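Engineer: Okay, sequence plus prediction incoming.
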Amino acid sequence: MPRRQNRQPAAPFIDDTAGYTREQVAELLRPFGVSLNSIREAVQAGYLRVERGAKGKYTILGSWLREWVEAREKSGE
């Protein structure tokens, strides 16, 4: 019988030129313990850059998301 291994989920593909909603980012990073609330807090604190578009919708560019994820990895969060 094969042993069960604790494996980290595969790193998600983040397209640097794509635009994501906060909900999409939370869904993409959910396996890594990132919730929608975490995204909101990061935006409010200025750690995660967003663009406010029409009708108050927030858009997060993939390159901004990648920078935020890399900063979290370096800080050990």
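Structural biologist: Nice, thanks for sending it over. Numbering: from 1, shown residues only.
Engineer: quick check, distance from the worst-scoring helix or strand of the chain on mean pLDDT to the centre of its chain.
Structural biologist: For the chain, using mean pLDDT, DSSP states H and E, the weakest element among its helices and strands is helix 62-75, scoring a mean of 89. A distance of 8 Å separates the C-alpha centroid of helix 62-75 from that of its chain, computed with CA atoms, centre = their mean, to the nearest Å.
Engineer: CA atoms of that helix as CSV?
Structural biologist: C-alpha atoms of helix 62-75 as CSV (Å, rounded to 0.1, in the frame of the first residue of the first chain):
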residue,chain,number,x,y,z
GLY,A,62,-1.2,39.4,-12.4
SER,A,63,2.1,41.2,-12.1
TRP,A,64,0.9,43.0,-8.9
LEU,A,65,-0.4,39.7,-7.6
ARG,A,66,2.9,38.0,-8.2
GLU,A,67,4.8,40.8,-6.4
TRP,A,68,2.5,40.4,-3.4
VAL,A,69,2.9,36.6,-3.3
GLU,A,70,6.7,36.9,-3.6
ALA,A,71,6.8,39.4,-0.8
ARG,A,72,4.7,37.1,1.4
GLU,A,73,7.1,34.2,0.7
LYS,A,74,10.1,36.3,1.7
SER,A,75,8.5,37.5,4.9
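Engineer: Could you name the helices and strands sitting against that helix?
Structural biologist: strand 19-20 (3 or more CB pairs under 8 Å, 6 or more residues apart in numbering; DSSP states H and E). Heads up, the C-betas are built off the backbone N, CA and C, glycines and all.
Engineer: which residues are in contact with the strand it packs on?
Structural biologist: Contacts to strand 19-20, defined as CB atoms under 8 Å, 6 or more residues apart in numbering, come from residues 28, 51, 59-62, 65.
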